[in-house]
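> could you look at this predicted model? Sequence included:
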Amino acid sequence: MNSAPSPTLQELFREGAGYLEAREVPSPRFDAQVLLAHALGISRSDLLQRAGETAPEAISRHYRERLRRRGERVPLQHLTGVQEFWSLEFEVSPAALIPRPETELLVEEALRQGAGPSARIADIGTGSGNIAVALARELPAARIVATDTSAQALELARRNAQRHGVAGRIQFLQGDLAEPLSRSVERESLDLLLSNPPYVSIEELATLQPEVREYEPKEALTPPGRDGLALYPPLLDAAALFLRPGGAVILELPAGGAERIPALMAGRESLELLTVRADYSGILRVMVARRRLP
Ligand SMILES: C[S@@+](CC[C@H](N)C(=O)[O-])C[C@H]1O[C@@H](n2cnc3c(N)ncnc32)[C@H](O)[C@@H]1O
């Protein structure tokens, strides 16, 4: 009996794109290319050059298995295990939020504050460690405390720090918000305090796409209670306590969150708002405030 001829890479790509499109996956052609290239262990551009080659059975099987899971709306990055952030490749897993491009604005703003190569920095809710690792790479003598409530996220962050050769300068501490800082840094000693905290309200969570709603960790998305901005007051209090005069607190904001900045800053006399920066979709995404100079 003749078995069916092995499909070419081009045929596998078309099959995959059609399969994902039928399941209403948002970018079916891109995702099929990424999954096929991942199954082969090659880049997407190499894949295009090799489109006419036939695929070994094991590759087709690996690819179809991941297509099936992508069709169930498992995030693409959970299937490839990686995501680029700040031009660095980060390991990702269901233990932490997949780094988002807009979070690079926090890194940009931190560098803009001119804290210097040996800055003392805290990253609260480090997740995969993307912010801490990117800053450690940019500031070659910086010392960073990276905290999270999740032990699994901290393990992932530590692996990412090792992967990029900066683990020796990042201290990973488990605990609630700024609590680990009281064990590790002096008051009024930090140059920068950054956080991309959970900021999706429970109501909003239900409206997010299934990749986020069903597969990213709830504790990375949603703060306790009903208010999406619940963690901002304690983060600003921590900034007032741990930043040196002139040091900056840099927080990612949800869409619409900027409207609440005046209320958040009210009564926090030791802090002054420096800037609120929009992301590439025009959403006011990052607030930067400074501990006032005496
Ligand atoms: C939105 S994710 C950000 C992850 C990463 N910093 C990024 O920008 O991609 C928020 C992170 O904060 C952590 N987290 C949630 N509540 C926390 C708390 N009370 N104290 C410290 N970390 C917390 C979550 O486990 C999660 O890793």
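Cool, the structure landed.
> from here on, contacts and neighbour counts on C-alpha atoms
Will do.
> could I get the CA-only coordinates of the host helix or strand of I261 as CSV?
If you go by DSSP states H and E, I261 is part of helix 261-265. What follows is helix 261-265, C-alpha atoms only, in CSV (Å, rounded to 0.1, in the frame of the first residue of the first chain):
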residue,chain,number,x,y,z
ILE,A,261,-3.3,60.4,38.7
PRO,A,262,-4.4,63.7,40.4
ALA,A,263,-6.3,61.7,43.0
LEU,A,264,-3.4,59.2,43.4
MET,A,265,-0.8,62.1,43.9
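> what residues does it touch?
Outside helix 261-265, the residues within contact range by C-alpha atoms under 8 Å, 6 or more residues apart in numbering are Y232, P233, L271, E272, L273.
> same question, stretch 9-16
Residues contacting stretch 9-16 (C-alpha under 8 Å, 6+ apart): 28-29, 32-33, 36, 47, 50-55, 60, 64, 67.
> put the buried members of those into a PyMOL selection.
The following PyMOL line selects those of the contacts of stretch 9-16 that are buried, judged by 16 or more other C-alpha atoms under 10 Å:
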select buried, resi 28+29+32+33+36+47+54+55+60+64+67
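> now, which of the contacts of stretch 9-16 lie within helices?
Using DSSP state H, P28, R29, A32, Q33, L36, L47, S60, R64, L67 are the members of the contacts of stretch 9-16 that sit in helices.
> name the nearest residue to D279, sequence neighbours excluded.
R285 (5.7 Å; C-alpha to C-alpha, 6 or more residues apart in numbering).
> that neighbour - that's part of a strand, no?
Yes - R285 forms part of a strand when assessed by DSSP: H, G, I helix; E, B strand; the rest coil.
> touching, it and A255? I think so.
Yes - in this structure R285 lies within contact range of A255 using C-alpha atoms under 8 Å: 6.9 Å.
> chain neighbours aside, what residue packs nearest to A206?
Per C-alpha to C-alpha, 6+ apart, closest to A206 is R213, 6.9 Å.
> mind checking if the strand or helix carrying T147 is in reach of the ligand?
Under the criterion of DSSP H and E, T147 resides in strand 143-148. Yes - part of strand 143-148 sits near the ligand under the criterion C-alpha under 6 Å from any ligand atom, namely T147, D148.
> cool, and stretch 221-233?
Yes - Stretch 221-233 lies within reach of the ligand by C-alpha under 6 Å from any ligand atom, at L221.
> what packs against the longest strand belonging to the chain?
Assignment by DSSP state E gives strand 243-252 as the longest strand of the chain. Helices and strands touching strand 243-252, by 3 or more C-alpha pairs under 8 Å, 6 or more residues apart in numbering; DSSP states H and E, are helix 104-112, strand 190-195, helix 232-242, strand 284-291.
> that one to strand 190-195, inter-axis angle?
20 degrees (axes from the mean of the first three to the mean of the last three C-alpha atoms, to 10 degrees).
> run the chain-centre distance for strand 243-252.
Distance of strand 243-252 from its chain centroid, counting by C-alpha atoms, centre = their mean, to the nearest Å, is 20 Å.
> cool, and stretch 8-16?
How far stretch 8-16 lies from its chain's middle: 31 Å, per C-alpha atoms, centre = their mean.
> low pLDDT regions in the stretch 1-150 of the chain?
For the stretch 1-150 of the chain, applying pLDDT under 70 flags the ranges 1-3.
> re earlier: so which bits of the helix holding I261 are buried?
The neighbour-count check on helix 261-265 (16+ other C-alpha under 10 Å) flags M265 as buried.
> what's the mean pLDDT across that helix?
Mean pLDDT, helix 261-265: 98.
> equivalent analysis for stretch 268-280, please.
On average, stretch 268-280 scores 98.
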